[in-house]
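> Have a look; sequence and predicted model below, questions after that.
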Amino acid sequence: MLFRFLILSDEVDDFKREIKIDSEATFLDLHNAILDSVGYTKDQMCSFFICDDDWSKKTEITLVEMDTSSEVDSYIMEETPLEELLEDEHQKLLFVFDYMTERAFFMELREIVPGKDLDKPVCSKSIGMPPAQVISFDEFETKNNSTEIGEDFYGDSEYDIDELDKEGFEGLGEGPMDNPYDDEKF
């Protein structure tokens with residue numbers, strides 16, 4: 001069986017990769033295919049996270065064995081076949097490639113093709129330049145805090161954050177990043 005993944009970045013708008021890989025391949029094979037497709041080195045700590053439809057992290061697949069409690073299932077990329085944890089089209093994953101700043105690629109299992117096999121993974125589409133593999137924590141903070149917010153930002157030094165709950169912000173969460181895969185042109 002063949003899996004086709006779409007990979008996007010929230011840092012670079014025109015970045016897209018498509019990886020085709022055999023379902024019996026391991027998460028390490030997928031890790032290597034992703035890094036090769038973006039030209040990243042393989043000397044950084046990375047993890048995959050299987051996510052729910054709202055991008056909440058559920059199951060982590062680590063590059064190396066982590067010291068976890070025996071109550072939690074531990075998955076290691078080299079030992080875990082893709083088909084063990086992925087079974088549905090449109091399943092969502094995060095590929096955290098920069099642990100210090102938790103920068104990640106958004107991934108979706110776009111298609112499952114039964115009856116086809118691949119000897120090795122293939123990057124079948126490559127659009128745009130990827131974000132830098134690693135950025136300094138200071139650079140990350142500067143990028144994410146491009147405007148300084150002081151205590152009087154809301155016009156009142158005694159601003160009550162609970163007022164947000166009273167305002168009724170319907171429609172929030174329906175922005176383009178809630179489902180970055182709505183782009184059917186790809």
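Yes, it's here.

> CA atoms for contacts and neighbours, from now on please.
Noted.

> a helix runs through residue 35, doesn't it?
Yes. Assessed by DSSP: H, G, I helix; E, B strand; the rest coil, residue 35 belongs to a helix.

> residue contacts, it?
Residues near residue 35 by Cα atoms under 8 Å, 6 or more residues apart in numbering: 41-42.

> so how far is residue 114 from it?
Counting by Cα to Cα, to the nearest Å, the gap from residue 35 to residue 114 is 26 Å.

> go on, residue 95?
25 Å.

> So between the two, which is more surrounded?
Comparing residue 95 with residue 114 by other Cα atoms under 10 Å, the one with more neighbours is residue 95, at 21 against 10.

> just checking, what packs against whatever helix or strand that one lives in?
Using DSSP states H and E, residue 95 maps to strand 92-98. The elements that strand 92-98 packs onto, with contact taken as 3 or more Cα pairs under 8 Å, 6 or more residues apart in numbering; DSSP states H and E, are strand 47-51, strand 103-113.

> strands paired with the first one, and their directions?
Spelled out, that is strand 47-51. Partner strands for strand 47-51, per DSSP bridges, with pairing direction: strand 57-62 (antiparallel), strand 92-98 (antiparallel).

> Tell me which of those strands is the most buried.
strand 92-98 (a mean of 22; mean count of other Cα atoms under 10 Å).

> residues making contact with that strand?
Residues contacting strand 92-98 (Cα under 8 Å, 6+ apart): 44-53, 55, 57, 102-109, 133-134.

> hang on, isn't residue 45 packed against residue 63?
Yes. In this structure, residue 45 is within contact of residue 63 by Cα atoms under 8 Å, at 6.7 Å.

> hang on, residue 24 packs against residue 78?
No. The pair residue 24 / residue 78 is not scored as a contact, 11.9 Å apart, by Cα under 8 Å.

> picking that back up, separate out the buried members of the contacts of strand 92-98.
By neighbour count, with 16 or more other Cα atoms under 10 Å, those hold 46-51, 103-109 as buried.

> Turn the residues you listed into TSV, columns for pLDDT and distance to residue 13.
Shown next, in TSV, are the buried ones among the contacts of strand 92-98 (pLDDT from 0 to 100; distance: Cα to Cα, whole Å):
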residue	pLDDT	distance to residue 13
46	95	22
47	96	23
48	97	21
49	97	22
50	97	23
51	97	22
103	93	15
104	96	14
105	97	12
106	97	12
107	98	14
108	98	16
109	98	20
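
> Tell me which two in the residues you listed are the farthest apart.
Between any two of the buried ones among the contacts of strand 92-98, the greatest separation by Cα to Cα is 19.7 Å, found for 103 and 109.

> Give me the below-cutoff pLDDT ranges for this structure.
Filtered on pLDDT under 70, the chain yields the residue ranges 67-72, 136-186.

> All the helices of the chain, in order from the start?
Here the chain has its helices, by DSSP state H, at 27-38, 82-85, 137-144, 163-167.
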